[in-house]
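In: For reference, the sequence and a predicted model appear below.
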Amino acid sequence: MQTVKIAVIAGDGIGTEVIPEGIRALEAAGRQCHLEYEWTHFDWSCETYHKTGRMMPEDGLEQLKAFDAIYLGAVGFPGVPDHISLWGLLLPIRRAFDQYVNLRPVRLFDGVPCPLANKQPGDIDFYVVRENVEGEYSAMGGIQYEGTEREIVSQQSIFTRHGTDRILKYAFELAQSREKKHLSSATKSNGIYHSMPYWDKRVALMAQQYPEIKVDQYHIDILTANFVQMPEHFDVVVGSNLFGDILSDLGPACTGTIAIAPSANINPEKTFPSMFEPVHGSAPDIAGKNIANPLGTIWAGAMMMQHLGYPEIHDTLLNAMESVLRNKNSLTHDMGGTASTQELGAAIVEQIHYGQPPL
Ligand code: NAD
Ligand code: IPM
Ligand code: MN
């Protein structure tokens, strides 16, 4: 029996509701493949912040280093300013463990009502590849003349050649491995003077090494319009930290709900643990109601197993998701149903065990 060691940070709000369903689904799929998990739970959250003044202990990152992977629910809750909670927990993990790839698949599933007209399952099936450790997400800058009429705030974006090229390379390699071999790059080179033309230049240079790949370069404004008007056009979409963030909410919204979308924060070299989480946040508006959709977390768990070298567990989980959705069993409110978080989680487990929904 093999064992994988997973650090679990359920975090805030619905993070604490969806993570138990993710663990149940992973346990069920793992059992079939004779894999055991060692789950170590960390109660780091906004509640911890209220008690200790920190989102995680001083040696938090050190503690996480020993794990094979990190499974995270959501971070951030009213009562703690978002930049404090996120820069105190989620963002330092991405950075310290050099999880520079944020891979976010977007797929329209049979059974999930699509807000766009005349789209069939299979029509929307692409990846957002988001640069995850630099770019617009930066603590560089500050405030001058604070409290006066002359107050000025500056915020720097950082694009290194190393950081830009490695995310582009990942995206090009992913496009190369796919049937359509099509890469779209998101920038805003008409308005942002330095970083965006630089990104475009690095894309054009790298494209020379991948002659089979069709490359489109878009300004982010029209790209968002095209996501809505012709989502079937896209295959691999690569963007900076901020643009990738925005596109990876918009993409899943075009498939019916952001709540099924997973997010893999990957350190491809495997020098450090990678982290897997749903794309969505802590959803304070529905927290505590037991109606959150756990599928983004379950899909993120599947991506975690793929990353750790268990593709069969990934496939078991994805097949179960597809069947449950196709049969419209136990859908949560965001997908037009009335099921609770636990009922949808149970339907996935039953599907894994018996290939059928619960009675
Ligand atoms: P959100 O994703 O938490 O919620 C947006 C909307 O989507 C809400 O109406 C919510 O009810 C709905 N929703 C989200 N997940 C759902 C699910 N699983 N099932 C059903 N409905 C779901 O985004 P927000 O409101 O902008 O952010 C709330 C908090 O979460 C903030 O503190 C924010 O910073 C944080 N956040 C954290 C992460 C993360 O930890 N990776 C991601 C996004 C937002
Ligand atoms: C996400 C979230 C985070 C991000 C926030 C909470 C900092 O929106 O994971 O998509 O922007 O990366
Ligand atoms: Mn986001």
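Out: Right, received. Where do you want to start? Residues are numbered from 1 along each chain as shown. Ligands and ions are numbered 1, 2, ... in the order given.

In: make it CA atoms for all contacts and neighbour counts henceforth
Out: OK.

In: near ligand 2 at all, the lengthiest strand in the chain?
Out: Taking DSSP state E as the criterion, the chain has its longest strand at strand 2-11. No - judged by Cα under 6 Å from any ligand atom, strand 2-11 stays clear of ligand 2, getting no closer than 11.8 Å.

In: just use 201 as the starting number from now, easier for me
Out: From this message on, residue numbering opens at 201, which makes the last subject strand 202-211.

In: got the angle for the helix or strand following that strand vs strand 202-211?
Out: Remark: after strand 202-211, the chain's next helix or strand is helix 215-232, criterion DSSP states H and E. Helix 215-232 and strand 202-211 are oriented at 170 degrees to each other (axes from the mean of the first three to the mean of the last three Cα atoms, to 10 degrees).

In: Give the rounded mean pLDDT of helix 215-232.
Out: Mean pLDDT, helix 215-232: 97.

In: buried residues in that helix?
Out: By neighbour count on 16 or more other Cα atoms under 10 Å, the buried set for helix 215-232 is 215-230.

In: list the helices and strands that helix packs on?
Out: Helix 215-232 sits against strand 235-242, strand 269-274, helix 495-507, helix 511-526, helix 541-554, with contacts defined as 3 or more Cα pairs under 8 Å, 6 or more residues apart in numbering; DSSP states H and E.

In: Dump those into JSON lines; add mean pLDDT, mean neighbour count and distance to Gly347 as well.
Out: Converted to JSON lines, the helices and strands packed on helix 215-232 look like this (pLDDT from 0 to 100; neighbours: other Cα atoms under 10 Å; distance: least, Cα to Cα, whole Å):
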{"stretch": "strand 235-242", "mean pLDDT": "97", "mean neighbour count": "14", "distance to Gly347": "39"}
{"stretch": "strand 269-274", "mean pLDDT": "98", "mean neighbour count": "26", "distance to Gly347": "34"}
{"stretch": "helix 495-507", "mean pLDDT": "98", "mean neighbour count": "26", "distance to Gly347": "43"}
{"stretch": "helix 511-526", "mean pLDDT": "97", "mean neighbour count": "20", "distance to Gly347": "53"}
{"stretch": "helix 541-554", "mean pLDDT": "96", "mean neighbour count": "22", "distance to Gly347": "47"}
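
In: Pipe those into TSV and attach distance to Gly456 per row.
Out: Shown next, in TSV, are the helices and strands packed on helix 215-232 (distance: least, Cα to Cα, whole Å):
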stretch	distance to Gly456
strand 235-242	32
strand 269-274	21
helix 495-507	13
helix 511-526	12
helix 541-554	17
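
In: Can you check which of the ones you listed gets nearest to ligand 2?
Out: Nearest to ligand 2, of all the helices and strands packed on helix 215-232, is strand 269-274, at 8.0 Å by Cα to the nearest ligand atom.

In: wait, does stretch 239-253 make contact with ligand 2?
Out: No - Stretch 239-253 stays clear of ligand 2 (Cα under 6 Å from any ligand atom), getting no nearer than 12.9 Å.

In: can you give me the helices for the stretch 301-450 of the chain?
Out: Counting by DSSP state H, counting those that start in this stretch, residue ranges of the helices within the stretch 301-450 of the chain are 361-376, 395-407, 420-429, 441-454.

In: which other helices and strands contact the helix or strand containing Glu477?
Out: Secondary structure from DSSP H and E places Glu477 in strand 474-478. Packed against strand 474-478 by the contact rule (3+ Cα pairs under 8 Å, 6+ apart) you find strand 269-274, strand 462-466, helix 495-507.
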